[in-house]
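> Predicted model, plus sequence, below.
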Amino acid sequence: MHLYENPPTRSQRAKWVLEELEIDYTSHILDPMQGDLNAAARRAGQPLGAVPVLKTDQYTIFESVAIVLQLIDEHPEKKLAPPVGSPERAPYYQWSIFAGTEMDPPIMMFFDNTMRPLEFMHTPGAAYDAGLAARGRSDFITRAEILSNALEGSDYLLGTDFSGADILIGHSCFMATHIGLPIGDYPVLEAYYARLQQRPAYLRAYGG
Ligand SMILES: N[C@@H](CCC(=O)N[C@@H](CS)C(=O)NCC(=O)O)C(=O)O
């Protein structure tokens, strides 16, 4: 397998699941400081010119959430997801999709309007917008509280068992911490993220 990545971005979700599943892969770092990440990612198969992209012998796949869900389904023996059609699969889908659709947008809105290098924006003349940064922060806080409430009394999103949903939301926690969003205001969420950070596969994906 070939993973096209640019640490530490959403490509780390793909790397983390590859590490959890102990799959052999070759990493290809696409670093925008060293070359044209967008062109290289498009060549690898991501039509928006973004990472991650995963190439296997049988298919090429992009979208970090899809990569995590697909690889986990290919390895049911690793038990990182409840069986398809089981009642436990419902919260697994719910939190996995919540990561991509509810966590990523406010985090990226905040990042794009506070610290993303302007030369990497795709809009000519792009500038930071303090109003959008504040909206990203506020939307993040709403969602951090929801996660915190859901995790009250549980080690993981599905209760006692670590799953792919934790990889997906765990990356949201990484990204929030990395860019200064206030995860520390939510001790339950902070403790959950600390638990995830103990995992050897997490440390291999995020470089410890
Ligand atoms: N929804 C996509 C988002 C992919 C994405 O936008 N990746 C960013 C890094 S987090 C990227 O490669 N951006 C490069 C660019 O837009 O120039 C996913 O989750 O895989």
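Nice, thanks for sending it over.
> tell me the secondary structure for the residue of the chain most remote from its centre?
If you look at how far each residue of the chain sits from its centre, by CA atoms, centre = their mean, the farthest one is residue 125, at 28.4 Å. At residue 125 the chain is in coil, as set by DSSP: H, G, I helix; E, B strand; the rest coil.
> Phi first, then psi, for it.
Dihedral pair for residue 125: phi 70, psi 10, per degrees, to the nearest 10.
> right, and the helix or strand after the host helix or strand of residue 38?
In this assignment (DSSP states H and E), residue 38 forms part of helix 37-44. Counting by DSSP H and E, the element after helix 37-44 in chain order, helix or strand, is strand 53-55.
> Relative to that next one, what are the paired strands and their orientations?
strand 2-5 (antiparallel), strand 60-62 (antiparallel) (DSSP bridges).
> Quick one: residues in contact with the last one.
The set of residues external to strand 60-62 that reach it, using CB atoms under 8 Å, 6 or more residues apart in numbering, is 44-47, 50, 52-54, 67, 70. For the C-beta atoms, the positions are set from N, CA and C on the backbone; glycine is no exception.
> and with 6 Å instead?
For strand 60-62, the external contacting residues (CB atoms under 6 Å, 6 or more residues apart in numbering) are 45-46, 53-54, 67.
> One more: stretch 90-105?
By CB under 6 Å, 6+ apart, stretch 90-105 touches 65, 81-82, 143, 157-158, 163, 165, 168-169, 172.
> So which residue is smack in the middle of this protein?
For the chain, by CA atoms, centre = their mean, the most central residue is residue 171; offset 3.9 Å.
> Distance check, it against residue 39.
Using CB to CB, to the nearest Å, we find residue 171 at a distance of 25 Å from residue 39.
> Residue 149 too?
43 Å.
> One more: residue 167?
Applying CB to CB to residue 167 and residue 39 gives a distance of 28 Å.
> These two: which is more packed in?
residue 167 (30 against 11; other CB atoms under 10 Å).
> and that one, what does it touch?
Contacts for residue 167 (CB under 6 Å, 6+ apart) come out as 13, 16-17, 68.
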